[in-house]
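Can you look at this prediction? I've put the sequence above it.
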Amino acid sequence: MQGQKELPEVLDDFLFPSEPDYAQDMYVIGIQEGCPDRREWEVRLQATLGPQYVMSYAAAHGVLYLSFFLRRDLIWFCSEVECATVTTRIVSQFKTKGALGICFTFFGTSFLFITSHFTSGDGKVSERVLDYHKTIQALSLPRNIPDTNPYRSSSSDVTSRFDHVFWFGDFNFRLNENREVVEEILNHGQDLDVSVLLQHDQLLKEMQSGSIFKGFQEAPIFFRPSYKFDVGQDTYDTTSKQRTPSYTDRVIHRSRHQNEIQAVKYSACFGIRTSDHRPVYGLFRVKVRPGRDNIPLAAGLFDRELYLIGIKRRITRQLQKKQALKNQKSSTVCSVS
């Protein structure tokens with residue numbers, strides 16, 4: 001969000017992409033350099049998702065925010081949620097770089113979600129790799145939630161301790177190519193082939209070398225770079241810095257078992273223009289195992305105050321739209337000549 005005070009008014013295109021013909025069971029939303037009014041952000045999420053969803057958990061680490069929404073009828077099958085954080089920029093007064101993770105067990109399957117903001121800078125690849133390694137070593141999860149398979153866990157890698165892991169955020173990896181070349185490729189319109197751009201992607205190269213995100217996968221990318229835009233515009237950076245468009249914002253995943261995470265959709269929402277980044281999202285179909293007796297269930301806990309505020313705002317917005325439509329119809333003038 002780049003710390004912008006202005007929040008997106010409409011989140012429907014981001015939370016409800018047109019492709020799926022079914023409701024999602026859960027939403028986990030992470031943002032970096034979040035707005036000062038975190039509560040207002042959560043209210044807008046709740047108002048958009050509607051009465052079928054509740055916020056089971058929310059956390060912040062400086063300007064890193066993470067919100068976990070679950071379908072109301074499924075809250076009884078979710079464990080307590082645990083949270084941990086890592087700061088990677090120690091010298092900074094403000095926690096703008098680091099990681100925020102939550103974990104829980106859903107039915108009998110353990111999940112870990114991490115949102116991160118890695119070191120910025122075109123050439124700082126090694127620093128970003130160090131951010132990753134510090135995170136997997138220092139993120140102290142789980143604490144009380146039982147490991148579903150401790151024999152496959154590692155004390156030096158938090159991502160090895162869960163059945164399914166989703167890691168997303170501003171990883172800040174860039175395209176190692178001149179801006180003029182990238183823009184020429186992007187100007188191909190409907191004939192655009194982003195695979196040409198991805199040949200220069202720093203993150204893919206590091207993953208292929210095994211230096212970062214070992215065991216993780218990323219769904220194929222078919223969308224344009226999500227960074228860097230002029231705020232409020234559809235044009236890439238026109239400031240004096242002239243940043244090269246890049247895929248800084250990513251969603252990746254790993255599983256203990258093969259073929260248990262299926263990517264349904266992976267894209268960016270270019271209609272939200274309140275930041276110099278465009279939000280990236282992933283929809284996934286995940287295999288879940290039956291429940292276990294040793295899981296500390298959350299007993300249906302969720303943020304009831306947020307739910308009431310969000311649903312009230314949603315109803316108010318719907319009534320305003322209805323009234324505006326009624327006024328529009330009543331003001332129509334029919335002339336006969």
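It's in. Numbering: from 1, shown residues only.

where in this protein is pLDDT low?
For the chain, the stretches flagged by pLDDT under 70 are 1-5, 90-95, 331-337.

residue boundaries of the strands in it?
Assigned by DSSP state E, the strands in the chain fall at 26-31, 53-61, 64-71, 82-87, 98-106, 109-117, 164-170, 249-255, 261-268, 280-286.

Identify whichever of these lies nearest to K312.
When the strands of the chain are compared by C-beta to C-beta, strand 53-61 sits nearest K312, at 14.6 Å. Placement of C-beta: from N, CA and C, glycine included.

Please work out how many residues are found near L283.
Using other C-beta atoms under 10 Å, the number of residues around L283 comes to 16.

So which bits of the longest helix seen in the chain are buried?
What stands out as the longest helix in the chain, according to DSSP state H, is helix 304-330. Residues of helix 304-330 classed as buried by neighbour count (16 or more other C-beta atoms under 10 Å): 306-307, 309-310, 314.

Check stretch 264-280 too.
Under the neighbour-count criterion of 16+ other C-beta under 10 Å, stretch 264-280 has 266-269, 272-280 buried.

ok, so of those residues, who is nearest Q217?
Y266 (10.9 Å).

Please give me every residue in contact with that closest one.
Residues near Y266 by C-beta atoms under 8 Å, 6 or more residues apart in numbering: 218-223, 251, 280-283.

Give me the buried entries from these.
Counted by 16+ other C-beta under 10 Å, the contacts of Y266 give 218-219, 221, 251, 280-283 as buried.

Could I get the residues you listed in a markdown table, plus columns for distance to A84?
Below are the buried ones among the contacts of Y266 laid out as a markdown table (distance: C-beta to C-beta, whole Å):
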| residue | distance to A84 |
| --- | --- |
| E218 | 24 |
| A219 | 26 |
| I221 | 29 |
| V251 | 20 |
| V280 | 24 |
| Y281 | 24 |
| G282 | 22 |
| L283 | 26 |
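
sorry, back to before: and of the strands of the chain, who's closest to D201?
Of all the strands of the chain, it is strand 249-255 that lies closest to D201, at 9.7 Å by C-beta to C-beta.

how big is the angle separating the closest one from strand 109-117?
Strand 249-255 and strand 109-117 are oriented at 150 degrees to each other (axes from the mean of the first three to the mean of the last three C-alpha atoms, to 10 degrees).

What would strand 249-255 look like as CSV? C-alpha coordinates only.
Taking C-alpha atoms only, strand 249-255 is exported to CSV below (Å, rounded to 0.1, in the frame of the first residue of the first chain):
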residue,chain,number,x,y,z
ASP,A,249,4.8,-9.0,-5.6
ARG,A,250,4.4,-12.8,-5.5
VAL,A,251,2.5,-15.7,-4.0
ILE,A,252,4.3,-19.0,-3.7
HIS,A,253,3.5,-22.3,-1.9
ARG,A,254,4.8,-25.6,-0.8
SER,A,255,3.3,-28.8,0.6
